[in-house]
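Novice: Compute the structure for the input listed below.
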Amino acid sequence: MAAGFLGGAPPSAAAFPAASSMRAATQEQMYAELDAYLQEQIEDLGLPGAAIAVVEDGVQVHTAAFGHADSSGRPMTPQTPVLLASTSKTFTATAVMQQVEAGRLRLDQPVQTYLPWFTLDDGRSAEITVRHLLHQTSGMASRHTAFEYSDAQGADALEDGVQDLADSPLASEPGARFRYASANFNILGLLVQEVTGQPFGDYLEQHVFDPLVMDNSHPTREGARANNAADGYSLWFGSWWRQTDTPAPTTGMPSSTLYSSAEDLSHQLVALLDDGRYGDSQILQPESIVTMFEPRARTSGSTRYAMGWFTRPLVESTDPAAPPPAERTLPRLLEHQGEWGNSHTYLAMVPSDGLGLALVINGNDTAAPSRLKAIDSNLLRILHGQAPTPTVVQEDWLQRSSWTVAFGLLLAQLLSLGLTLRFLRPRGGASTRKPQTLLAWAAAALALDGFTLWLCLAYAPTQFDTHLFVIIRQFPDVGISLIPVLMLAILWPVPRTSWLLLASQQRRREAGVTRPRVTPKSA
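Specialist: Below is the predicted model of the structure:
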């Protein structure tokens, strides 16, 4: 040390073996705590499997995996591909910015500049720009543009899906406000495909996955399964995990249906944290990353949306028991979660610390996804020296109890069906019922049908900002009850009401015929 102060050679890390060893020991302890917490959550929640990767200062410093990838018991590994869901958007944002650098796309040009046929069921759709799509401010709503129920796997599915948006309305003025809709990024993927003349999946493999050495990343379900991708699991009836094949259409490749592993995702984080460089590959210029990370859309509270990334103050770096510090003093976090009917993924970066985190879980609790989101936040807390906090379920009553509500509606509809058939029996049925009773029952049954259709077709899609078909396909334990419920509520009311009215009229006629005549007494 004295030599260094007196102008000699600066001290090397070897000059401080105790400090260096202490730092390494502290890091190893932190990673051990990280793994122990994740293992504990898998056991407590019954999750099938999970894998994690941590990046620090441009280097992958830790990976781990727990649980199984499929029903055979095959172990999950850091290299196991998992359906990404919405973290797919981060790759599409990169691809778009590559085309901006190449001069083929301009952020403030309307989409119709590149796709002249593009339109929605609103004249204002001509005003939607590339930047609007990237910041989720196009005005499209998820409920009106949902595709997650589709099974399309063809080469033309992406373009067909964007063309199908022609009947979709706009929920707000383009550029006016943030509205999260995966269709925004599906359009962006088609733009990349159009200006490069290359299928979007092929483009990603050649210009993003290959330079980042993402050997276990795939644009299609077929490719991922050929590489031993993990099966997806759903929590059925809030009780047990079951392997579940939910739709993963190539229509949603740019927004939702890419596959990758925890290890591969860490390569992307390394590049984004190191000015676009991974090894000898430069996938983006530093100024493009600055543009991509610039938050321009307010979502809620202190959270903003950049281009494919949510950004907010890193509250997980503070002690929850201490007075909250001013948010402007906290590091900035960039993150994105991926939620699918049978998978959960998470990406996070703290640029000021050079820290990146990737988590993949091959299962999801669609009734209470906040349980898995709590894992995301607690992993960040552990990485910043804080203790995990208890999980708080944030979903409303309808989502938490969705399968119970659907099952209750099914029982009510079956009871209505049974009572109606009983009333209409030739003997002991309609013939013994008063006309008023049959009319009252017809009205009550119609009220049940009306409530069922309102809840399924109006309230739930609005509440969840999605389409009814998405609820049926992505919430499998709910869907098995909803399908017969809707069939009964749509197909049964007309014949039931007609039969009850006819029975009521017949009963009135019978009552008129059998009523004794009263002869007036003579004076």
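Novice: The stretch 251-400 of the chain: strands as residue ranges?
Specialist: 259-260, 277-278, 281-282, 297-300, 303-305, 310-313, 332-340, 343-350, 355-361, 363-364 (DSSP state E, counting those that start in this stretch).
Novice: need the ones you listed in CSV with mean pLDDT, can you?
Specialist: Shown next, in CSV, are the strands of the stretch 251-400 of the chain (pLDDT from 0 to 100):
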stretch, mean pLDDT
strand 259-260, 98
strand 277-278, 97
strand 281-282, 98
strand 297-300, 94
strand 303-305, 97
strand 310-313, 98
strand 332-340, 97
strand 343-350, 98
strand 355-361, 98
strand 363-364, 96
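Novice: Please name whichever of the ones you listed is nearest to Gly223.
Specialist: strand 259-260 (7.5 Å; C-beta to C-beta). Where you see a C-beta, it was placed from the backbone N, CA and C, and this is true even at glycine.
Novice: Please, which helix or strand holds Glu67?
Specialist: Actually, residue 67 is Gly. It isn't Glu. strand 59-67 (DSSP states H and E).
Novice: Same list (the strands of the stretch 251-400 of the chain) but as CSV, adding distance to Thr389.
Specialist: CSV is the format used below for these (distance: least, C-beta to C-beta, whole Å):
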stretch, distance to Thr389
strand 259-260, 28
strand 277-278, 34
strand 281-282, 39
strand 297-300, 20
strand 303-305, 18
strand 310-313, 16
strand 332-340, 16
strand 343-350, 16
strand 355-361, 17
strand 363-364, 21
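Novice: Okay, now the unreliable bits of this protein?
Specialist: 1-25, 426-433, 511-523 (pLDDT under 70).
Novice: go with 50
Specialist: 1-16, 19-20, 428, 522-523 (pLDDT under 50).
Novice: Any chance of a markdown table for the strands of the stretch 251-400 of the chain, columns mean neighbour count?
Specialist: Formatted as a markdown table, the strands of the stretch 251-400 of the chain follow (neighbours: other C-beta atoms under 10 Å):
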| stretch | mean neighbour count |
| --- | --- |
| strand 259-260 | 28 |
| strand 277-278 | 19 |
| strand 281-282 | 14 |
| strand 297-300 | 14 |
| strand 303-305 | 18 |
| strand 310-313 | 19 |
| strand 332-340 | 22 |
| strand 343-350 | 26 |
| strand 355-361 | 28 |
| strand 363-364 | 29 |
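Novice: quick one: Phe293 and Thr311 touch, right?
Specialist: Yes - the pair Phe293 / Thr311 is scored as a contact, 7.2 Å apart, by C-beta atoms under 8 Å.
Novice: Identify the contacts common to those two.
Specialist: Leu334 (C-beta atoms under 8 Å, 6 or more residues apart in numbering).
Novice: if we can go back for a sec, closest to Trp240 out of the strands of the stretch 251-400 of the chain?
Specialist: strand 363-364 (11.3 Å).
Novice: Please measure how far the first residue of stretch 289-297 sits from its last one.
Specialist: Start and end residues of stretch 289-297 are separated by 17 Å (C-alpha to C-alpha, to the nearest Å).
Novice: For that stretch, buried residues please.
Specialist: Ile289, Thr291, Met292, Phe293, Pro295, Arg296, Ala297 (16 or more other C-beta atoms under 10 Å).
Novice: Checking Trp241 next. Helix, strand or coil?
Specialist: Under DSSP: H, G, I helix; E, B strand; the rest coil, Trp241 falls in the strand class.
Novice: Settle this for me: it is touching Tyr233, isn't it.
Specialist: Yes - Trp241 is within contact range of Tyr233, at 4.7 Å (criterion: C-beta under 8 Å).
Novice: Between the two, which has more neighbouring residues?
Specialist: It is Tyr233, of Trp241 and Tyr233, that has more neighbours when counted by other C-beta atoms under 10 Å, with 27 against 18.
Novice: Report the contact partners of the more buried one.
Specialist: Tyr233 neighbours (C-beta under 8 Å, 6+ apart): Pro48, Trp241, Arg242, Gln243, Thr244, Asn342, Asn362, Gly363, Asn364.
Novice: Please repeat the previous calculation with a cut-off of 10 Å.
Specialist: Neighbour list for Tyr233: 46-49, 67-68, 70-71, 240-244, 341-343, 361-365 [criterion: C-beta atoms under 10 Å, 6 or more residues apart in numbering].
Novice: is it true that Pro461 touches Leu398?
Specialist: No - look at Pro461 against Leu398 with C-beta atoms under 10 Å: they stay out of range, at 11.5 Å.
Novice: Could you check which of those two is surrounded by more residues?
Specialist: Legend: neighbour count by other C-beta under 10 Å for Pro461 and Leu398, higher for Pro461 (20 against 15).
Novice: So the more buried one lies in a helix, does it not?
Specialist: Yes - under three-state DSSP, Pro461 falls within a helix.
Novice: Quick check: Ala443 vs Phe118, distance?
Specialist: 48 Å (C-beta to C-beta, to the nearest Å).
Novice: Which one's more surrounded, the two?
Specialist: Remark: of Ala443 and Phe118, Phe118 carries more neighbours, 21 against 11, as counted by other C-beta under 10 Å.
Novice: quick one: the more buried one and Arg381, what's the gap?
Specialist: For Phe118, the distance to Arg381 equals 43 Å [C-beta to C-beta].
Novice: quick one on the thing from earlier: overlap in contacts, Pro461 and Leu398.
Specialist: Any residue near both Pro461 and Leu398 by C-beta under 10 Å, 6+ apart counts here, and that gives Leu455.
Novice: where exactly do the helices run in the stretch 1-150 of the chain?
Specialist: Per DSSP state H, counting those that start in this stretch, the stretch 1-150 of the chain carries helices over the ranges 2-5, 17-45, 89-101, 130-134.
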